[in-house]
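1. predicted model and sequence follow; I will ask about them next.
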Amino acid sequence: MLGVVITLAVIAAVAWCIFKNYYPPTVLLIAGLLFLAVAACFGVDPVPAKASTHFLGFDFAQAFTDRMKTRLPGLGLNIMWIAGFSYYMDKIGASKALVKLCVKPLSAIRSPYLLLAVTYIVGQFMALFINSAVGLGLLLMASIFPLLVALGVSKTSAAAVIGSTCCLDLGPSSSNAMRAADLLNTDVVTYFVQNQIPVALCVIAVVAIGHFFIQRWFDKKDGIETSGAGTQEDVAKAFEGAGPVWYSILPMLPLVLLIIFSPMVYQPVKLSLQTAIIISILVSFVVDLITTRGVKDSIGRTKAVYEGMGKVFTSTVALICCAELFAFGMTKVGGITTMINAAASMESAGVWVMLFIMIAIMVLATLVTGSGNAAFFAFSPLLPQAASSVGMSAAVLAVPVQLSAGIARTMCPIAGVTIAVSSIAGITPFQLVRRTIPVMVLALITNIAASAAFL
């Protein structure tokens, strides 16, 4: 019980620091080291004997080194390559070309709230190819947002929908999906098709319908008129820099390659995510070179790949590694283990209690860190143990918990996508999450129900 008290106290301190705008990776690193120090006082070693430096003070640092060595070569590098590819797609105008192609049908919709519902579905589809929540949010704010306002949608409603377009981390290029697939000992394409899609389709439908009614209710409550303040000039300006229409295919290349060369389609050829992205970058470079016929400029634009990799290391990979140490230290103190064991002792009710405990941990961790990736990477190692302790399928636990991380991020006022979208829309992050929280609560409920029904 003492472990639970210490765990809750440290989590509260971490939440306070992050809400006060302390740098999250370092806050989580310090909290993780504090957990390890408390565990050492209880006689629990920070690292296994075979990895020990034989000096307790150095073992705390060794625990963090072990997390880095485990994460960076695999999933950490995957995330960096995904980010590099996304930055390159933006640099050559391929991302805007995809958005421009996808939003063309939206102008034919006359109902502002039906337009919002369809916008969410289109945005969630694009999230398969542009899987950075902040990157997608910024892109949609620069392109779809003026279009929505021009067509009569209120700015607050439009921002709420755009801020939630990446609420589900889906697809083979999602780092959370890759991690979940590892936990289930399957490839990420199989995980996407067999586990994610049935649940995600239900959640997407509920979120789209939820935005239709909830944003309309908020607009009426706040007395907001859908006047259509934007202009066609705003819409045209939003797509400045978009590449030719055939560029819209380029952001889809990694997903297409991974699906084709997967155990579900063509098994003889084995293709990793990193290799698929490198191939896609090379193909995109050749297409850009042929289209623009500027050798020096085309080569110069590839610099965006490495800039993107570096930026995501400082913003996401470092946060994930520090969050993993935080979770590792928390497990050493024993608070989380105590809650898991309590759920496992509840016989038939233990399955549902375990599911709610793990989702609650994931939601809380995401709200504290502002990152669905950091939260899921930190606590996902607990999922196999939690599932086996109550005799449930790991997929039944892994899928809803993995999806709940992205849903919770959409409710967080300190999440990067929330801050970015709200600042461009001219509202506060709390005004934005006031609109997204009711919809995301419906998404969480649907996520749990659909997982129980289909998995």
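-> Alright, I've got the coordinates. Numbers count the residues shown, from 1 in each chain.

2. which strand or helix spans the nearest residue to Ala318 once chain neighbours are set aside?
-> In space, and not counting its chain neighbours, Ala318 is closest to Pro25: 4.9 Å by CB to CB, 6 or more residues apart in numbering. C-beta: built from backbone N, CA, C; applies to glycine. In this structure, Pro25 sits in helix 24-41 according to DSSP states H and E.

3. related to what we said a few turns ago, distance of the residue nearest to Ala318 relative to Gly370?
-> Using CB to CB, to the nearest Å, Pro25 is found at 11 Å from Gly370.

4. kindly report the same for Thr418.
-> Thr418 is 8 Å from Gly370, by CB to CB.

5. for Asp45, same thing?
-> Asp45 is 32 Å from Gly370, by CB to CB.

6. neighbour count: those two, which is higher?
-> Between Asp45 and Gly370, counting by other CB atoms under 10 Å, Gly370 is the more crowded of the two (22 against 15).

7. for that one, give me its contacts.
-> Ile18, Pro24, Arg409, Cys412, Ile414, Ala415, Gly416 (CB atoms under 8 Å, 6 or more residues apart in numbering).

8. what about those residues, which one has the most neighbours?
-> That'd be Arg409 among the contacts of Gly370, by other CB under 10 Å, with 31 neighbours.

9. which residue sits closest to that one, ignoring its sequence neighbours?
-> Spatial nearest neighbour of Arg409, excluding adjacent residues (CB to CB, 6+ apart): Gly372 at 4.1 Å.

10. that neighbour and Asp219, how far apart?
-> Counting by CB to CB, the gap from Gly372 to Asp219 is 28 Å.

11. tell me which of these two has more neighbours.
-> Neighbour count, other CB under 10 Å: between Gly372 and Asp219, Gly372 has more, with 32 against 19.

12. ok, the more buried one - contacts?
-> Per CB under 8 Å, 6+ apart, neighbours of Gly372: Ala133, Asp169, Asn176, Thr366, Ala405, Gly406, Ala408, Arg409.

13. Three-state assignment for the third one, please.
-> At Asn176 the chain is in helix, as set by DSSP: H, G, I helix; E, B strand; the rest coil.

14. picking that back up, what's the closest of the contacts of Gly372 to Arg301?
-> In terms of CB to CB, no member of those lies closer to Arg301 than Ala133, at 24.1 Å.

15. the closest one contacts Gly416, correct?
-> Yes. Counting by CB atoms under 8 Å, Ala133 touches Gly416, with 7.0 Å between them.

16. for Thr418 and Gly370, list the residues in contact with both.
-> Cys412.

17. and Phe328, how far from Leu28?
-> 11 Å.

18. what comes into contact with stretch 251-267?
-> With CB under 8 Å, 6+ apart as the test, stretch 251-267 has contacts from 85-86, 89, 94-95, 98, 128-130, 171-173, 187-190, 193, 269-271, 273, 276-277, 279-280, 283-284.

19. so how far is the first residue of that stretch from its last?
-> Taking CA to CA, to the nearest Å as the measure, stretch 251-267 stretches 23 Å from start to finish.

20. least confident secondary structure element in this protein?
-> helix 232-238 (a mean of 57; mean pLDDT, DSSP states H and E).

21. after that helix comes which helix or strand?
-> helix 253-260.

22. neighbours around Val295, how many?
-> Around Val295 there are 9 residues (other CB under 10 Å).

23. ok, for it, nearest residue in space, not its chain neighbours?
-> Excluding the flanking residues, the one nearest Val295 by CB to CB, 6+ apart is Leu289, at 6.7 Å.

24. for the one you found, grab the count of nearby residues.
-> Using other CB under 10 Å, Leu289 is surrounded by 15 other residues.

25. contacts for the helix or strand it falls within, please.
-> Element membership for Leu289, per DSSP H and E: helix 273-292. Residues outside helix 273-292 that contact it (CB under 8 Å, 6+ apart) are 77-78, 81-82, 84-85, 88-89, 92, 94, 172-173, 178, 188, 243-244, 246-247, 250, 253-254, 257-258, 261, 295, 298, 301-302, 305.

26. now the angle from that helix to helix 253-260?
-> When axes from the mean of the first three to the mean of the last three CA atoms, to 10 degrees is applied, the directions of helix 273-292 and helix 253-260 differ by 130 degrees.

27. show me what contacts the closest residue to Thr428 other than its chain neighbours?
-> Counting by CB to CB, 6+ apart, Thr428 lies nearest to Ser422, which is 6.1 Å off, once chain neighbours are set aside. Counting by CB under 8 Å, 6+ apart, Ser422 touches Ala159, Gly163, Thr428, Pro429, Gln431, Leu432.

28. narrow the residues you listed to just the buried residues.
-> Among the contacts of Ser422, those scoring as buried are Ala159, Gly163, Pro429, Gln431, Leu432 (criterion: 16 or more other CB atoms under 10 Å).

29. and which of these is nearest Val38?
-> Among the buried ones among the contacts of Ser422, and counting by CB to CB, the member closest to Val38 is Pro429, at 33.2 Å.

30. that closest one contacts Pro413, correct?
-> Yes. Using CB under 8 Å, Pro429 makes contact with Pro413 at a distance of 4.0 Å.

31. anything in contact with each of those two?
-> Ile419.

32. next, count neighbours for Pro73.
-> Applying other CB under 10 Å, we find 10 other residues in the vicinity of Pro73.

33. actually Leu2, sorry about that
-> 12.

34. from Leu355, how far out is it?
-> From Leu2 to Leu355 the distance is 26 Å (CB to CB).

35. what does Phe129 give?
-> According to CB to CB, Phe129 stands 31 Å off from Leu355.

36. what does Pro384 give?
-> In this view, Pro384 and Leu355 are 14 Å apart by CB to CB.

37. which one's more surrounded, those two?
-> Neighbour count, other CB under 10 Å: between Pro384 and Leu355, Leu355 has more, with 22 against 15.

38. helix or strand: which one has that one?
-> Going by DSSP H and E, Leu355 is part of helix 350-369.

39. the helix or strand that that helix is followed by to helix 350-369, inter-axis angle?
-> With elements assigned by DSSP H and E, the helix or strand that comes after helix 350-369 is helix 372-379. Between the axis of helix 372-379 and that of helix 350-369 there is an angle of 130 degrees, by the same axes, to 10 degrees.

40. state the helix or strand in which the residue nearest to Thr428 lies.
-> helix 416-425.

41. tell me how far the helix or strand that that helix is followed by lies from the chain's centre.
-> Downstream of helix 416-425, the first helix or strand assigned by DSSP H and E is helix 429-454. Taking CA atoms, centre = their mean, to the nearest Å, one finds helix 429-454 lying 15 Å from the centre of the chain it belongs to.

42. let me know the closest of the contacts of Gly370 to Ser393.
-> Using CB to CB, the contacts of Gly370 come closest to Ser393 at Arg409, 25.5 Å.
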